[in-house]
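[1] A structural model of the following input is requested.
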Amino acid sequence: MTHAFTRRGLVRTLAAAAALSAAGLAHADGKTIKLLVGFPPGGGTDAIARLLAEHLKDELGGATIIVENKAGAGGQLAAQALKAAPADGTTLFLSHDHTISIVPQTVKTPGFEPAKDFVPVAGFATFVNALAVSGGTPAKSYTEYLAWLRGPQGGKGVVGVPAPGSVPEFLVKVLGERNKLDLVAAPYRGSAPMMADMLGNQIAAGVGSVPDFIENHKAGKLRMVAVIGEKRQAVLPDVPTFKELGLSGFEDLPYYGIWAPTGTPKATLDQLSAALAKVVAKPAVHDRLSAMGLTVGHMSGEQLGKTEAAYTATWSKIIKATGFQAQ
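    Numbers count the residues shown, from 1 in each chain. The predicted model follows:
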């Protein structure tokens, strides 16, 4: 009798454990997830995060997803917050190349090491940076912009960039050197304030991502005159690449992805990656991201990690060639 009782008790215990496990998974699906963004509201990265968050909640069993903007220091504050967060899938970081690949090379003490502190969840797009001129600038093309700088501006110009020590800043340096112009990069705390000054004609030009510029470009409030990459963008068929214009070396494309704290369970990472794959495949999401100037496509965590490593290596060479010293 004792033996039978023990077996029945074991069965009941296992059944209870299974029920608790299932309840735990259901609770996990319904939990609140913070999606960190390292730039202010109103910019391209913020808009992308909010679009994905809106659709991810349905793929994660009705989870509440809160986009939390921790703007400043080129995304460092958000990255530091991710490092300090519990590794349970409740805090994620949506970022592009700047914070993950560039900041660790240009800042002496960024407060995080991507390879050590973060694990890639999944990537969802690549994009290109562009040179844009403000509406008050008479130039209608890259060539006209250079002519305007050499003429009325005396060979000098100020070009806005969304963050110091960023790919846009290094692009400005190379533009100045190769065209024998005195170009000064003016760093902002994100693309939104830079855009505000461009729209107000406080600065004549800026370098940023196509998603940052696309809506105002379509509205005629500013003009993108050149983009990086091997080929022209589908949303900007009339805008040449820098390579076409004789400025090679800027063909590797920046990326967008989501990261979690190191130690996050693989099952959680897989669930999040699968959910993101379903979201970016939805026509409403895919078409919206494409219209913003992104080349949309799901990358597994492993693929995102390889993309990140290759991009970092390319820009390490460019940064060293400019003579930039980590600050």
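[2] please count neighbours and contacts with C-alpha atoms only from this point.
    Fine.
[3] just say helix, strand or coil for residue 130.
    strand (DSSP: H, G, I helix; E, B strand; the rest coil).
[4] contact partners for it?
    By Cα atoms under 8 Å, 6 or more residues apart in numbering, the contact list for residue 130 reads 207-210, 224-228.
[5] residue 102 in helix, strand or coil?
    Residue 102 is classified as helix under three-state DSSP.
[6] burial check on it, number of neighbours?
    20 (other Cα atoms under 10 Å).
[7] surely it touches residue 166?
    Yes: using Cα atoms under 8 Å, residue 102 makes contact with residue 166 at a distance of 6.5 Å.
[8] contact partners for residue 34?
    65-68, 90-92.
[9] just residue 95 next, same as before
    Taking Cα under 8 Å, 6+ apart, one finds 37-38, 45, 256-259 in contact with residue 95.
[10] switch to 6 Å and redo it
    Contacts here follow Cα atoms under 6 Å, 6 or more residues apart in numbering; on that basis residue 95 touches 256-257.
[11] okay, now the domains of the protein?
    31-126+254-322, 129-227 (automatic domain parsing).
[12] tell me the mean pLDDT for the longest one?
    Looking at domain 31-126+254-322 alone, the average pLDDT works out to 95.
[13] off-centre distance for the host helix or strand of residue 33?
    According to DSSP states H and E, residue 33 maps onto strand 32-37. Centroid separation between strand 32-37 and its chain, computed with Cα atoms, centre = their mean, to the nearest Å, is 15 Å.
[14] the domains of the chain into TSV, with extra columns for distance to residue 237?
    Putting these into TSV (distance: least, Cα to Cα, whole Å) gives the following:
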stretch	distance to residue 237
domain 31-126+254-322	11
domain 129-227	11
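[15] quick one, what contacts the most centrally placed residue in the chain?
    Compute the mean C-alpha point of the chain, and by Cα atoms, centre = their mean the closest residue is residue 96, 2.1 Å away. Going by Cα under 6 Å, 6+ apart, residue 96 touches 255-256.
[16] 10 Å instead?
    37-38, 45, 75, 102, 123, 125-127, 254-258, 308 (Cα atoms under 10 Å, 6 or more residues apart in numbering).
[17] now swap in residue 248 and tell me
    Counting by Cα under 10 Å, 6+ apart, the residues that residue 248 touches are 228-230, 241-242.
[18] most neighbours among those residues, please name it.
    Going by other Cα under 10 Å, residue 228 tops the contacts of residue 248 with 27 neighbours.
[19] that one contacts residue 129, doesn't it?
    Yes: under the criterion of Cα atoms under 10 Å, residue 228 makes contact with residue 129 at 5.8 Å.
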